[in-house]
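# okay, predicted coordinates and the sequence, questions at the end:
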Amino acid sequence: MTMVTDPWPDTDLLLKVEDLTVEFPTDDGVVQAVRGVSYELRRGEILGIVGESGSGKSVSSLAVMGLLPKTAKISGSAKLQGRELLGLSDNELSKIRGNKIAMIFQDPLTSLNPVYTIGYQLSEAVLAHRDVTKKEAWDRAVELLDIVGIPNPETRANQYPHELSGGMRQRVVIAIAMANDPDVIIADEPTTALDVTVQAQVLEALRAAQQETGAAMVLITHDLGVVAGTVDRVCVMYAGKLVEQGTVDQVFYAPRMPYTLGLLGSLPRLDANRAHRLTPIVGTPPSLVNLPQGCPFSPRCPIVQQICIEQEPDLFPVGVDGQFAACHFHERLIGAKPVDLFPPVNIDEELVASFEAAAQAAEAELQGTEGTHEENL
Amino acid sequence: MPAFSIAPVLVYVLRRLVTTIPVLIAATFFTFILVDMAGDPLLELRFATPPVPDATIKAREEFLYLDRPTLERYWLWLTGIGDTRGDIGILQGKWGPSTQGAMDIGQEISERFMITLRLVGAATVFSLSLAVITGVISAVKQYSVVDNVLTFFGFLALAMPVFWLAALIKEAGIWANQNLGTNFATIGATSPLYYRMEGWDKFMDVVLHLVLPTLTLMLTGYAAISRYQRASMLEVLNSDYIRLARAKGLPNRVVMRRHALRTALIPVVTLAALTVSGALTGAVITETVFRWRGLGTFLTQAIAEYDAFAVMAFLVLAGVLVVLANLVADLLYGVLDPRIRYD
């Protein structure tokens, strides 16, 4: 046998995940958390992975980082600049983690060790991969705190995590992630645990981190609003698989998979008119133990057919270049709107009508008072 | 580095010590009442055959302050203020008269305390270190063969009463001496000829006498702490900050030592302080089985002789030790966990 060096001509391609599967053996059976996920991440790009809880978003990225418990069975491939990550020993991986590829976690309140100062935990990240003195590492820590927008970084570095707010702590975690100028940053629901008012600041810090390091980013979230405003390309995950992939515009304006349509339909929009009604997806995601054959979305799908129950669709290339959707009927969904597929919220029509009448009355009154106001002027 | 000032800690220590005063007073008061109710130390004297002259009994009563009401006796024991011979009053450092002949309670208890301290000290050090080590191994290798074996022995030691464990270990020691040529001593804290020994021999004599009782006392304390350490370590290992430490790229052993063990030790420190009181209790029984002339036998003998002031002496000593151990634990807690503040 000869050594086959993997050709990696595309220097812009940083992370290539191919057919990644993760299974957890449990007493109840094998949990198929991730079932064949493939995606590519290019330099400078922000890739969003969306999906509801338990769809395998976090597990797939933890698998790439080698941070899953030993019981997890991982197969497939995850190459970072041509180097296979899966199957590396923990020791070898620890040289890559935090250095080439960094991760930001969901809950900033528990992500930092309560017994060490912010500065210590930051300089620890620097010292893990760089041959610098403790003093230099500390200075770098203070500099990083400044970049992510923490006021008085010198003072803050000497404080313990419990002395900082949740938003500040998440910025510290972001600073830790960017400590060694990684090529890839994986952010796992970085804003989920935070107050809405703080979310924008943290997203701003993330953007600063990305610009500072030039890293590509994988942004895992279930917040479609965050995705729309931040990322370049989106992967939609359902039951451990990618069900739709494309640019933000493609996925948001021309979705070709009923689940994506359903997600968008359940998103409240400020730009739509008042009569716009949310269309929820009824039912719950399937259990990942003993998944039935066929499309995992079929029990909740409004356009389900016999073939959907028998055969799970692959990711078909659809429409314009670069969009993929896993639906047997993706061609039927061209130009479809959520309301075409999903019925609006099933509440009393009269109640809705009365609300609308009241809203119109209030609006009329408001215009009336404005009118009188102007007259008085 | 964070600014650290000693003043709040001193204030805290003082405040803690002051608050223990009512606790100790209440504890001594109730114990005194209970011991007093237990029986009349002169009962045997009163019904002796041939009868003892009334004058002798009266003299004994006066000697033991039994001619005073209970409350006055407690007051005298505590303060020594009042009509006394100057041999009573714990606050003045006087322990009171003993029913056991001419025994000087203060001198006796301090001699015996040194002996017991040897046992309790060795047992605490060994049980703590062993418990932390095996607890960590159990947690890191959760549900492995090693963990299961350690768990089995942990629960075995936890379930075993001290007197039974002591008897078994003593038997095992005797068997080893007879069949393996070992030299474990099974009776006493030192040989009868200890006072004639020199240097190394003296040390070895103490060590050989310590082995079996220490093992007994160690196992009783070990069981609970090792389970606690395992649980604490497991909780920390599953925490988000361990995952972040690994995500930083720290080598596994650094994550384990610096982030996991360091944090997992905090709750165990509290338990360690409690083991001091546990070890004192265990020492009473262990010393009885191994015939040590330590605090344990001092207490059992005092109870058997209705020696109220001797029992009180033990209680005060044990109480002060437990209070101090808890104070040390609370102070250590503050050193280990920056979230604790002394104000």
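Happy to help now that I have it.
# write out the residues of chain A neighbouring chain B.
Applying C-beta under 8 Å from any C-beta of the partner chain, one finds that chain A approaches chain B through A:65, A:67, A:90-91, A:94-99, A:102-103, A:105, A:107, A:110-115, A:117, A:124-125, A:128-129, A:158-160, A:162, A:173, A:176, A:179-180. (Glycine included, C-beta is placed from N, CA and C.)
# at 6 Å instead, please
When proximity is defined by C-beta under 6 Å from any C-beta of the partner chain, chain A lies next to chain B at A:67, A:90, A:94, A:97-99, A:103, A:105, A:107, A:110-115, A:125, A:128-129, A:158, A:160, A:162.
# and those residues, which are buried?
Buried subset of these (neighbour count, 16 or more other C-beta atoms under 10 Å in any protein chain shown): A:67, A:94, A:97-99, A:103, A:105, A:107, A:110-115, A:125, A:128-129, A:158, A:160.
# out of these, which sit inside helices?
Counting by DSSP state H, the part of these found in helices is A:94, A:110-111, A:125, A:128-129.
# what's the domain layout of the chain?
Chain wasn't specified; assuming chain A. A:13-43+A:56-236, A:254-281+A:296-370 (automatic domain parsing).
# that's the other chain; I wanted chain B
According to automatic domain parsing, the domains of chain B span B:7-95, B:105-336.
# around chain A, which positions in the stretch 201-343 of chain B sit nearby?
B:240-241, B:243-244, B:246-252, B:259, B:263, B:338-339.
# where along the stretch 51-200 of chain B do the helices fall?
Along the stretch 51-200 of chain B, the stretches classed as helices by DSSP state H, counting those that start in this stretch are B:54-63, B:70-79, B:105-140, B:145-159, B:162-179, B:199-237.
# which non-adjacent residue is nearest the closest residue to chain B within chain A?
Chain B sits closest to residue A:98 of chain A, with a gap of 3.2 Å, by C-beta to the nearest C-beta. In this structure, residue A:98 finds its nearest non-sequential neighbour in residue B:249, 3.2 Å apart by C-beta to C-beta, 6 or more residues apart in numbering or on different chains.
# equivalent analysis for residue B:191, please.
Residue B:191 sits nearest to residue B:205 (C-beta to C-beta, 6+ apart), 5.4 Å away.
# and if you look at residue A:187?
residue A:104 (4.3 Å).
# so for the one you found, what's the pLDDT?
Per-residue pLDDT puts residue A:104 at 92.
# any idea how many residues pack against it?
Residues near residue A:104, counting by other C-beta atoms under 10 Å in any protein chain shown, number 28.
# might one say that it is in contact with residue A:189?
No: with contacts defined as C-beta atoms under 6 Å, residue A:104 does not count as touching residue A:189, sitting 9.0 Å away.
# please enumerate the helices of chain A.
Counting by DSSP H, the segments of chain A that form helices are A:57-65, A:90-96, A:108-111, A:118-129, A:134-147, A:153-157, A:166-177, A:196-213, A:224-230, A:248-253, A:258-265, A:306-310, A:338-341, A:349-376.
# where in the stretch 201-350 of chain A is pLDDT low?
A:270-276, A:345-350 (pLDDT under 70).
# by proximity to chain A, which residue of the stretch 201-343 of chain B wins?
Distances between the stretch 201-343 of chain B and chain A by C-beta to the nearest C-beta are smallest at residue B:249, namely 3.2 Å.
# what secondary structure does that residue sit in?
Following DSSP: H, G, I helix; E, B strand; the rest coil, the label given to residue B:249 is coil.
# measure it to residue A:99 for me?
The spacing between residue B:249 and residue A:99, counted by C-beta to C-beta, to the nearest Å, is 5 Å.
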